[in-house]
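**Q** Okay, sequence plus prediction incoming.
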Amino acid sequence: MDRYNRITNKNQREIVLLKSRPCAWGKCRFCDYIDDNSRNLEEMLALNAQVLSQVTGEFGVLEVINSGSCFELPQETLELIRQVIKEKKIHRLFFEAHWMYRNHLKKMEEFMGIPITFKIGVETFDYDFRENYLNKHADFRSPIEVRNYFQSPCLMVGIKGQTKEMIAEDIRILKEYFPLGTINVFTDNTTDVKRDQELVDWFMETYAWLLDDPDVEVLYERTDFGVGD
């Protein structure tokens, strides 16, 4: 599995995929990424140290992802990230966190000592679909609630049960309320959530302009950031 890459087009940065403890929620209907989690601290620390050793500081920006939230990374790994930030002169960090951690983001930023752009897996701003079908356990009702804590929502498109209207509204909200965002085109996995290829084709045609939008990254495959498998 590739765990280090350089993103050289939009928002240039280095990106690393680290191992963490299991996701504190871990019940999202569409997610089977939990296989990369671990409870073996020694294994996690060794792997994470090896991956972080590849960071050069070339862009001064680092994104750290894991199968869950940044708060599930071992404390020793968080301390190592802070050390890498200082040694490689990183001036901005990207982390992802679940809605349940929203009141802890400031503490993490203070710990790291540099500005952090926090991503959140919103999937959709449609409350009913997000909570009652996808089971996200993120009970916000408005984009303003999210924007009060997070700067970059991750949306998901192309799921059976979604509609064109839902996707259009999600993208409108993304562009109106947030400086950055990621759109993940859903790929079938081991869960019972299925891809709607007609909806995907419509999205890729209707929103082709997003491919040139410097503030939005569209991931057609989940490995498009160059990490994972």
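**A** Structure received.
**Q** how about the helices in this structure?
**A** Secondary structure of the chain (DSSP state H): helices at 41-52, 75-87, 105-112, 127-128, 143-147, 164-177, 197-206.
**Q** now for the lengthiest strand in the chain, which elements pack on it?
**A** For the chain, the longest strand by residue count, based on DSSP state E, is strand 116-123. Other elements packing on strand 116-123 under the criterion 3 or more Cβ pairs under 8 Å, 6 or more residues apart in numbering; DSSP states H and E are strand 92-96, helix 105-112, strand 152-157. C-beta here means a position set from N, CA and C on the backbone, and glycine is covered the same way.
**Q** closest to residue 4 out of the helices of the chain?
**A** Distance to residue 4, taken as Cβ to Cβ, is lowest for helix 41-52 among the helices of the chain, at 5.7 Å.
**Q** Helix 75-87 and that closest one, what's the angle between them?
**A** 20 degrees (axes from the mean of the first three to the mean of the last three Cα atoms, to 10 degrees).
**Q** Check which residues of helix 41-52 are buried.
**A** 44-45, 47-48, 51-52 (16 or more other Cβ atoms under 10 Å).
**Q** and what of stretch 15-35?
**A** Applying a neighbour-count criterion of 16+ other Cβ under 10 Å, one finds 15-21, 23, 25, 28, 30-31, 33 buried in stretch 15-35.
**Q** Next, give me the two most distant ones among those.
**A** Most distant of the buried residues of stretch 15-35, by Cβ to Cβ, are 16 and 30, 23.8 Å apart.
**Q** distance between the ends of stretch 127-142?
**A** 9 Å (Cα to Cα, to the nearest Å).
**Q** what's the distance between the longest strand of the chain and the middle of its chain?
**A** 6 Å (Cα atoms, centre = their mean, to the nearest Å).
**Q** Dump the C-alpha coordinates for it into PDB.
**A** Taking Å, rounded to 0.1, in the frame of the first residue of the first chain, the C-alpha atoms of strand 116-123 are listed here in PDB:
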ATOM      1  CA  ILE A 116      -4.700  23.500  10.500                       C
ATOM      2  CA  THR A 117      -7.300  23.100   7.700                       C
ATOM      3  CA  PHE A 118      -9.800  20.600   9.100                       C
ATOM      4  CA  LYS A 119     -11.700  18.400   6.700                       C
ATOM      5  CA  ILE A 120     -14.900  16.700   7.600                       C
ATOM      6  CA  GLY A 121     -16.700  13.800   5.900                       C
ATOM      7  CA  VAL A 122     -20.100  15.400   5.400                       C
ATOM      8  CA  GLU A 123     -21.000  13.200   2.500                       C
END
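**Q** would you turn the helices of the chain into JSON lines with mean pLDDT and distance to residue 190?
**A** Converted to JSON lines, the helices of the chain look like this (pLDDT from 0 to 100; distance: least, Cβ to Cβ, whole Å):
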{"stretch": "helix 41-52", "mean pLDDT": "97", "distance to residue 190": "23"}
{"stretch": "helix 75-87", "mean pLDDT": "98", "distance to residue 190": "27"}
{"stretch": "helix 105-112", "mean pLDDT": "98", "distance to residue 190": "31"}
{"stretch": "helix 127-128", "mean pLDDT": "98", "distance to residue 190": "25"}
{"stretch": "helix 143-147", "mean pLDDT": "98", "distance to residue 190": "29"}
{"stretch": "helix 164-177", "mean pLDDT": "98", "distance to residue 190": "24"}
{"stretch": "helix 197-206", "mean pLDDT": "96", "distance to residue 190": "18"}
